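Novice: Compute the structure for the input listed below.
(one chain, ligands or ions: 2)
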Amino acid sequence: MMGQLIWPRAAAIGAGLSTLALAATLVMMHPAPAAARGFNTGSTGGLYYSESGGGTDPGGSYSAVVACSEVANSKFIHLTGGGMATNAEFGEITIVENWPGATLDVDAWQNRVTVEPVVEQDVSLDSFAICTNEQPNVRSKGFSVNAGEVLSTEVDCPAGKPVTSGGWKLPDGSIYETSSSRPFDDADAGKSPDDGWRIRVENRGGAPVNGTAWAVCTNEFNPKYHRGTVPIPGTGQADRVTRCGDKENLLGGGLRGSSATGHEIVGTLAVDRGDANDLPDDGFAGGVDSVSLQDGKLAVYAICK
Ligand SMILES: [Ca+2]
Ligand SMILES: [Ca+2]
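Specialist: Numbers count the residues shown, from 1 in each chain. Ligands and ions are numbered 1, 2, ... in the order given. This is a model prediction of the structure:
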């Protein structure tokens, strides 16, 4: 299965590491537990690639926080982007949080996934953050999706501050699918999708869902935006890697399933291309589950410098 290439089902790790507080503590004590997926951490090109991994009990919920202040070199205390991957199979997880929120007043990438109650094996969660010494301009916006409806919402970057990543935070216990989390182009003169971040959420439940969308805008970098696509089957999974240019380093990334209903993001991951360094600085991988019943298209964005 294609998905196996990007989110291999690794041996389950550490059941019981299931609280946010404990996860944050572990990040601080062990900033680079790379064994979960072979994701190397370190610096290149003025950026630091950092990771935290763990697992969840079947049917449970798991949070991870990767704080930039905890990386080996304390000059990389700010954030450009991040994301996560799991070893979950089709239909097993919902990504509740995938966002650049600060924690304890430090820049950090935060994730939470919930695992369907019927899943019988542990599911791993690997979160990563891409860190820098340049302070970003992080923007957020609250939104509400009515029962049974789809909402697209945008968080604008300030003029001249291009977007490098973004994400979403939704509540536990609701039924929804996030089908798009990506950079967008507004009506400005330029055609690059540098103007902010767009989220699309389908509320499949019976009550309104309130969430927050985020954009990380850079004061320093002049990002290059790369986009690649792959077909999505009506029912099943799709994923692809979109690469940065040969001399570029990854700042962040996003993805979009073409259907507003029945496409659900299940992974957003930095990748290494097997180049001279073994850091995941070379591209961005996105994965979706589909129950749309119609063929669709997955677009994956790599935002690089
Ligand atoms: Ca633009
Ligand atoms: Ca590399």
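
Novice: Do you have the helices of this structure handy? List them.
Specialist: 3-6, 20-29 (DSSP state H).

Novice: got the end-to-end distance for stretch 110-124?
Specialist: End-to-end distance for stretch 110-124, by CA to CA, to the nearest Å: 15 Å.

Novice: Actually, stretch 143-155.
Specialist: Termini of stretch 143-155 sit 10 Å apart (CA to CA).

Novice: just stretch 98-114 next, same as before
Specialist: First-to-last residue span, stretch 98-114, CA to CA: 12 Å.

Novice: next one: stretch 193-208
Specialist: Start-to-end span of stretch 193-208 (CA to CA) is 30 Å.

Novice: same question, stretch 239-251
Specialist: For stretch 239-251, the first-to-last residue distance is 20 Å (CA to CA).

Novice: ok so, going back, worst mean pLDDT among the helices of the chain?
Specialist: Mean pLDDT across the helices of the chain is lowest at helix 20-29; the value there is a mean of 31.

Novice: Could you list the contact residues of the stretch 101-250 of the chain toward ligand 2?
Specialist: Residues of the stretch 101-250 of the chain found near ligand 2 (CB under 5 Å from the ion): none. Every C-beta, even on glycine, is put in place using the N, C-alpha and C of the backbone.

Novice: And the strands in the stretch 101-250 of the chain, which stretches?
Specialist: 108-115, 123-132, 137-145, 150-156, 163-169, 176-184, 196-203, 209-217, 224-232, 235-243, 250-257 (DSSP state E, counting those that start in this stretch).

Novice: With mean pLDDT and mean neighbour count as extra columns, can I get those in CSV?
Specialist: Below are the strands of the stretch 101-250 of the chain laid out as CSV (pLDDT from 0 to 100; neighbours: other CB atoms under 10 Å):
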stretch, mean pLDDT, mean neighbour count
strand 108-115, 92, 25
strand 123-132, 91, 28
strand 137-145, 96, 17
strand 150-156, 98, 18
strand 163-169, 98, 30
strand 176-184, 97, 25
strand 196-203, 98, 25
strand 209-217, 97, 23
strand 224-232, 98, 17
strand 235-243, 96, 20
strand 250-257, 98, 29
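
Novice: Quick check: the gap between the residue nearest to L279 when sequence neighbours are not counted and ligand 2.
Specialist: Spatial nearest neighbour of L279, excluding adjacent residues (CB to CB, 6 or more residues apart in numbering): Y49 at 5.0 Å. According to CB to the ion, to the nearest Å, Y49 stands 9 Å off from ligand 2.

Novice: With S74 instead?
Specialist: In terms of CB to the ion, S74 sits 23 Å off from ligand 2.

Novice: Likewise for A102?
Specialist: 27 Å.

Novice: Count the neighbours of that residue for me.
Specialist: Applying other CB atoms under 10 Å, we find 13 residues neighbouring A102.

Novice: tell me the contacts of it?
Specialist: Contacts for A102 were tallied using CB atoms under 8 Å, 6 or more residues apart in numbering; they are A108, V138.

Novice: State the distance from it to S174.
Specialist: Using CB to CB, to the nearest Å, one gets 24 Å for the distance from A102 to S174.

Novice: got a list of what L250 touches?
Specialist: With CB under 8 Å, 6+ apart, L250 has these contacts: 47, 81, 130, 244, 270, 280-284, 302-304.

Novice: among these, who's most crowded?
Specialist: I303 (34 neighbours).

Novice: Give the bridge partners for that residue, please.
Specialist: Beta-bridge pairing for I303 (DSSP bridges): Y225, G252.
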